[in-house]
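Enquirer: Sequence first, then the predicted structure, then my questions.
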Amino acid sequence: MKTYIRHYEWVNSHTLELEFPTNRLRLYFLEPGVVRCRYVSHPVFENIPSYGMAPEYAPACLQPEEVERADCYELSTPRLTVRVRKVDGGLEFLERSTGYTLCADAEGMGHRLHEGTGDELVWVLKHMPPEAHFFALGDKPCELNLRGKRFEMWGSDHYKFHPGSDPLYKSIPFFLCLDNGHQYGIFFDNTMRSYFDFGKEREDRLLFGADGGVMDYYFICGETALDTVQAYTRMTGLPPMPPLWALGYHQSKWSYYPEKAVMDLAAELRSRRMPCDSIHLDIHHMKEYQALTWDRTRFPDPPGMIARLGEQGFKVVTIIDPGIKVNPDNYVWRSGFERNVFCRRHDGALLSGEVWPGTCTFPDFTSPITRKWWADLFRRQIAEYGVRGIWTDMNEPAIFPDRTFPPDTRHNYDGFYCSHLKAHNIYGQCMARATRQGMEQFAPERRPFVLSRAGFAGLQRWAATWTGDNDADWENLKMANLMVQRLSASGVSFCGADTGGFLGHPTPELFCRWMQMAAFHVFFRNHNNGEFGGQEPWCFGPVVEALVRRALEHRYRLLPYFYTQFYRYSRYGTPIIRSLALMYPNNTDTYWRSSEFFVGDALYVVPVHHPGEAGRFMYLPPGRWYSYWTDDPAPDSSTEAWVPTPLSHIPVYVRGGFVVPRWPVQQYVGELSDPQVTLDLWWAPELRQQSELYEDEGDGYGYRKGRYMLHRFDYRAQLRSFVLTHSLNIHAEQHGRTLVLAVHSLPPSAAPVAVADGVEQSAEFDERHVYRVTLPINFSEIHIKF
């Protein structure tokens with residue numbers, strides 16, 4: 001048959017190059033389930049840096065099995081078969097084990113010149129089966145299932161966004177396809193304005209492309225949907241471990257000032273016993289909003305204030321924007337101008353724009369010289385004043401009113417010079433990277449905490465994030481839930497929303513429900529616009545104050561569990577927050593459920609999205625589940641059940657057989673020097689589960705040198721007994737340290753006998769009928785019969 005393929009050649013054992021009449025394609029076989037597909041319309045494949053892929057990603061690479069057929073070339077790895085059609089050069093991806101077609105081009109890669117810019121528009125059009133549904137894609141504020149919708153990637157400051165607002169702050173061009181028990185992911189590594197059409201224009205077509213750059217995408221197929229997300233996260237960068245305090249509660253407002261207001265806030269939090277680790281200072285702490293300055297009228301002694309807050313357990317996080325006020329008397333602007341680090345237009349003139357300080361110029365964070373200059377600026381804030389976190393805002397980048405840099409703005413792009421059209425989507429991430437570099441430079445013994453509003457694929461390497469300027473209403477509470485789930489499926493688990501809403505003032509019920517939900521998000525910050533009134537936990541009456549205190553206390557009790565989940569995220573790329581669809585992709589009913597979510601493997605959270613909701617229907621996944629609050633067995637699994645939702649709490653369930661490590665309540669991380677770890681376990685018969693507890697110093701880098709403890713637990717249960725085995729990564733001397741095993745949900749008539757490492761243990765039930773046994777930290781096995 002006549003072939004569209006002009007040339008077919010192996011560049012090396014794992015890279016195949018094909019020449020077509022109008023373009024070239026290279027297929028890189030990186031892992032059994034990962035294939036890179038890279039097209040160019042000219043003869044040369046340039047080695048342009050990727051801002052999405054992690055430099056440390058080192059795939060094994062493998063040579064596929066090769067078969068030429070009459071109509072295609074067939075290339076197979078242990079997991080995938082890739083077919084290159086001879087008639088049009090189109091690609092088809094199949095599961096090797098089943099032969100099922102996961103994804104197939106409707107035609108080859110498309111491209112044409114854009115008459116206005118001269119850039120080459122690139123796209124791929126694929127068949128979309130009727131059972132295919134799509135997830136992830138960053139921070140899109142809509143239902144989790146993206147089928148039938150179209151989206152753009154162009155970081156935008158979307159003030160007061162609403163369902164369907166697009167684009168938003170982050171540009172994460174990765175999506176996951178679930179297809180009736182089959183799945184794959186695609187990461188489109190292109191920083192230009194890009195677009196994704198999941199059947200909006202044609203219900204049987206999937207389209208993605210960009211307004212320039214090259215068509216360069218990674219086809220990813222793990223053994224499960226969760227594996228696919230893990231693989232994508234590994235490829236774009238595993239996140240470093242955060243300081244443990246950053247997983248606590250953050251109190252923020254636009255803005256807390258002057259110093260007395262900040263100290264009064266701290267005193268109020270402590271006197272009312274509201275656990276809290278961090279206070280954020282917005283732009284009003286600066287002199288005329290100028291970056292890295294302090295208003296000495298409002299804050300006459302920043303290091304003294306920060307030290308006094310530190311004595312109470314508070315860590316200070318300060319905001320910074322990329323706009324640097326044009327002011328020769330200010331060292332930041334003057335040094336940047338002298339070093340020529342600010343962005344310039346096509347004619348060489350400095351780019352300027354209006355933001356909070358007035359007329360500003362903007363650093364080109366795509367330049368390594370600029371990033372080094374920026375990092376050097378943090379000596380006073382970090383080393384001298386003791387600021388513990390930096391919050392980067394307005395870094396989409398945003399200029400007043402509601403716009404960004406002009407397209408002709410020039411950027412270094414790490415030596416591959418380009419216009420803003422190419423650099424826009426990675427500008428904020430490069431700023432976060434430079435900020436983290438400064439924190440590492442001036443506090444090398446501490447782990448940085450950086451918070452960034454904007455980002456691209458791989459943001460998790462540099463910063464945590466939040467969902468932006470939301471409204472204080474029930475619709476935005478629901479969106480916060482969905483956006484956090486979506487970001488987590490896009491590699492960014494360290495995320496949250498402005499709890500309670502940034503704009504407007506929440507009702508007491510709304511604030512209570514939002515805090516109850518956000519206590520199970522990884523990044524937990526209450527942030528609002530102070531022009532609408534106070535949003536501290538005591539602003540809504542004594543009933544809500546008490547309920548919010550309870551939510552905060554349970555968050556702090558669960559910090560060992562959250563920290564262990566972050567360890568797994570940091571080590572393997574496993575998302576911490578997970579949707580039902582991600583956990584149970586074989587059940588197509590889950591594709592349309594979006595309110596319930598998992599925290600790790602063991603906790604299942606059911607938020608309340610509507611006012612006055614005394615009860616709601618929920619889906620209970622397979623397994624044995626128990627109420628986290630009462631220990632009562634959940635309704636039958638794999639069914640929809642009605643559950644009460646009193647204002648006192650939202651429904652939370654725990655999976656039987658899992659160890660959930662908890663601490664006593666603390667007002668801040670480190671209040672107790674060695675908090676007692678309780679291993680909470682909900683008994684379930686005839687079951688086997690494995691779980692972990694990760695411990696380290698909570699800050700610093702000793703864990704990279706082996707100074708950490710990884711406990712592994714293996715639970716095996718019969719009808720009237722269970723065995724829990726325990727192993728440690730290192731030999732742990734006792735030094736008097738113990739673990740308390742707390743067994744929940746045992747039958748009321750049970751009279752347990754506990755034997756640990758061959759010795760019968762003294763144990764007893766508490767007032768909640770929880771069976772408690774104190775064990776040495778290096779115990780190997782406990783057998784409980786009843």
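Expert: Arrived safely.
Enquirer: Can you report how many residues neighbour Val332?
Expert: For Val332, the tally of surrounding residues (other Cβ atoms under 10 Å) stands at 18. Quick note: C-beta positions are derived from backbone N, CA and C, even for glycine.
Enquirer: is it true that it lies in a helix?
Expert: Yes - when DSSP: H, G, I helix; E, B strand; the rest coil is applied, Val332 is found to be in a helix.
Enquirer: any idea how far it is from Thr293?
Expert: Distance of Val332 to Thr293, given as Cβ to Cβ, to the nearest Å: 8 Å.
Enquirer: how about the closest residue to Tyr628 other than its chain neighbours, what does it touch?
Expert: Sequence neighbours aside, Val652 is the residue nearest to Tyr628 in space, at 4.0 Å (criterion: Cβ to Cβ, 6 or more residues apart in numbering). Contacts here follow Cβ atoms under 8 Å, 6 or more residues apart in numbering; on that basis Val652 touches Phe520, Leu603, Tyr604, Val605, Val606, Ser627, Tyr628, Trp629.
Enquirer: what two of those residues are the furthest from one another?
Expert: Farthest pair in the contacts of Val652 (Cβ to Cβ) is Phe520 and Ser627. Separation: 14.7 Å.
Enquirer: Between those two, point out the one with more neighbours.
Expert: For Phe520 and Ser627, the more surrounded residue by other Cβ under 10 Å is Phe520, and the numbers stand at 25 against 18.
Enquirer: Just read off the phi/psi values of the more buried one.
Expert: In terms of degrees, to the nearest 10, the main-chain angles of Phe520 are phi -110, psi 10.
Enquirer: That one: what's it in contact with?
Expert: Phe520 is in contact with Arg555, Phe597, Val599, Leu603, Val605, Val652, counting by Cβ under 8 Å, 6+ apart.
Enquirer: got it, and Cys512?
Expert: Taking Cβ under 8 Å, 6+ apart as the test, what Cys512 contacts is Phe540, Val544, Leu547, Val548, Leu647.
Enquirer: Apply 6 Å and report the result again.
Expert: Val544, Leu547 (Cβ atoms under 6 Å, 6 or more residues apart in numbering).
Enquirer: Same question for Asn529.
Expert: Neighbouring residues of Asn529 by Cβ under 6 Å, 6+ apart: Trp254, Phe502, Leu503.
Enquirer: and the first one, what is it in contact with?
Expert: Neighbouring residues of Trp254 by Cβ under 6 Å, 6+ apart: Asp282, Asn529, Gly530.
Enquirer: In helices only, show me the residues you listed.
Expert: Using DSSP state H, no member of the contacts of Trp254 sits in helices.
Enquirer: would you list the residues you listed in JSON lines and tack on pLDDT and distance to Gly181?
Expert: Written out in JSON lines, the entries for these read as follows (pLDDT from 0 to 100; distance: Cβ to Cβ, whole Å):
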{"residue": "Asp282", "pLDDT": "98", "distance to Gly181": "48"}
{"residue": "Asn529", "pLDDT": "97", "distance to Gly181": "46"}
{"residue": "Gly530", "pLDDT": "94", "distance to Gly181": "50"}
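Enquirer: what's the closest of the contacts of Val652 to Pro401?
Expert: Lowest distance from Pro401 to the contacts of Val652 (Cβ to Cβ) belongs to Phe520, with 36.7 Å.
Enquirer: And that closest one, what's its pLDDT?
Expert: Phe520 carries a pLDDT score of 98 in this model.
Enquirer: Now do it against Ala246, distance only.
Expert: The gap separating Phe520 from Ala246 is 16 Å, by Cβ to Cβ.
Enquirer: cool, and Asn340?
Expert: Summarising the geometry, the distance separating Asn340 from Ala246, computed by Cβ to Cβ, is 35 Å.
Enquirer: between those two, who's got more neighbours?
Expert: The residue with the greater number of neighbours, taking Asn340 and Ala246 and applying other Cβ under 10 Å, is Ala246; the counts read 28 against 13.
Enquirer: helix, strand or coil for the more buried one?
Expert: When the structure is split into helix, strand and coil by three-state DSSP, Ala246 lands in helix.
Enquirer: in the sheet, who's paired with Cys72?
Expert: For Cys72, the residues forming beta bridges with it (DSSP bridges) are Arg85.
Enquirer: and the closest residue to Leu620 other than its chain neighbours, backbone torsions?
Expert: In space, and not counting its chain neighbours, Leu620 is closest to Ser637: 4.9 Å by Cβ to Cβ, 6+ apart. Summarising the backbone geometry of Ser637 under the convention degrees, to the nearest 10, its torsions are phi -80, psi 170.
Enquirer: number of nearby residues for Ser637?
Expert: Residues near Ser637, counting by other Cβ under 10 Å, number 14.
Enquirer: That one is in contact with Arg624, isn't it?
Expert: No - taking Cβ atoms under 6 Å as the contact criterion, Ser637 and Arg624 are not neighbours in contact, 7.3 Å apart.
Enquirer: Out of the contacts of Trp254, which is nearest to Asp414?
Expert: Within those, distances to Asp414 taken as Cβ to Cβ reach their minimum at Asp282, with 31.6 Å.
Enquirer: what's the distance between the closest residue to that closest one other than its chain neighbours and Ser721?
Expert: Setting aside the residues directly before and after it, Asp282 is nearest to Ser255 in space (Cβ to Cβ, 6+ apart), at 3.8 Å. Relative to Ser721, Ser255 is positioned 58 Å away (Cβ to Cβ).
Enquirer: And the two? Which one has more around it.
Expert: Taking neighbours as other Cβ under 10 Å, Ser255 and Ser721 compare with Ser255 leading, 18 against 15.
Enquirer: Kindly provide the distance from that one to Arg83.
Expert: When distance is defined by Cβ to Cβ, Ser255 is 58 Å away from Arg83.
Enquirer: element containing the closest residue to Cys495 other than its chain neighbours, please.
Expert: When the adjacent residues along the chain are set aside, Cys495 lies closest to Leu487, with 4.5 Å between them (Cβ to Cβ, 6+ apart). Taking DSSP states H and E as the criterion, the element that holds Leu487 is helix 474-489.
Enquirer: Pull the residues that contact that helix.
Expert: Contacts with helix 474-489, where a contact means Cβ under 6 Å, 6+ apart, come from 135-136, 139, 141, 144, 229, 467, 470, 495, 497, 501, 514, 521, 575, 577, 579, 582, 594, 597, 607, 609.
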